[in-house]
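J.: this one's structure only:
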């Protein structure tokens with residue numbers, strides 16, 4: 001598994017809208033997830049098998065609940081739908097949705113167009129968007145992907161807190177890191 005860091009994406013730039021389906025075929029449009037009274041959207045590119053993604057899935061789930069309390073919705077996107085990685089198949093996504101009790105959409109990016117449009121590189125790769133789909137935060141969840149008990153700085157939570165309070169989000173953002181996205185040829 002090739003370890004990569006997320007690449008620098010300019011903050012405050014408008015991110016592309018997208019529409020993807022969950023493994024059961026229900027469609028979700030990113031911009032539609034931001035309602036009139038909502039503040040923004042948390043988009044997490046992730047998968048079922050990467051050890052980095054698996055290590056932080058519980059924190060992604062907690063952050064999604066936390067963000068929802070601040071009127072920020074979450075979409076998880078799996079760009080690793082690839083024949084060489086059956087663990088990441090849509091069928092296995094259904095199992096993980098049940099196993100993890102996800103209460104936010106986990107979407108299939110089979111064509112990988114959304115991951116490419118966002119310049120996602122690894123799983124997980126995390127983006128916080130404002131109500132106009134402008135990038136507010138692109139970084140890691142916290143400072144210890146391996147062991148949640150060793151976390152000393154919850155960077156995503158801090159970004160969410162500042163964002164929800166209308167305060168500036170720290171422009172110094174540490175990249176997320178994880179397995180490379182399994183790009184199709």
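T.: Nice, I can see it. Note that the structure is a prediction, hence the values are computed from the model and not measured.

J.: contacts, neighbours, all on C-alpha from now
T.: Fine.

J.: what packs against the lengthiest helix in the chain?
T.: Ranked by residue count and defined by DSSP state H, the top helix of the chain is helix 51-68. Secondary-structure packing of helix 51-68 (3 or more CA pairs under 8 Å, 6 or more residues apart in numbering; DSSP states H and E): strand 72-78, strand 177-180.

J.: mind listing what's buried in it?
T.: By neighbour count with 16 or more other CA atoms under 10 Å, helix 51-68 contains the buried residues 51-57, 59-61, 63-68.

J.: now that helix and strand 72-78, what's the angle there?
T.: Relative orientation of helix 51-68 and strand 72-78, computed by axes from the mean of the first three to the mean of the last three CA atoms, to 10 degrees: 160 degrees.

J.: Look at the spatially most central residue of the chain and tell me its secondary structure.
T.: Closest to where the C-alpha atoms of the chain average out (CA atoms, centre = their mean) is residue 44, at 0.5 Å. Of the three states, residue 44 takes strand according to DSSP: H, G, I helix; E, B strand; the rest coil.

J.: Residue 173: what's it in contact with?
T.: 137-140, 155 (CA atoms under 8 Å, 6 or more residues apart in numbering).

J.: mind running it again at 7 Å?
T.: Residue 173 is in contact with 138-139, counting by CA atoms under 7 Å, 6 or more residues apart in numbering.

J.: Which strand or helix spans it?
T.: Following DSSP states H and E, there is no helix or strand that holds residue 173.

J.: How much space separates it from residue 21?
T.: 30 Å (CA to CA, to the nearest Å).

J.: now swap in residue 133 and tell me
T.: Per CA to CA, residue 133 is found 19 Å from residue 21.

J.: now do residue 157
T.: 27 Å.

J.: by contact count, what packs against the worst-scoring helix or strand of the chain on mean pLDDT?
T.: Ranked by mean pLDDT, DSSP states H and E, the weakest helix or strand in the chain is strand 3-5, scoring a mean of 88. Secondary-structure packing of strand 3-5 (3 or more CA pairs under 7 Å, 6 or more residues apart in numbering; DSSP states H and E): strand 177-180.
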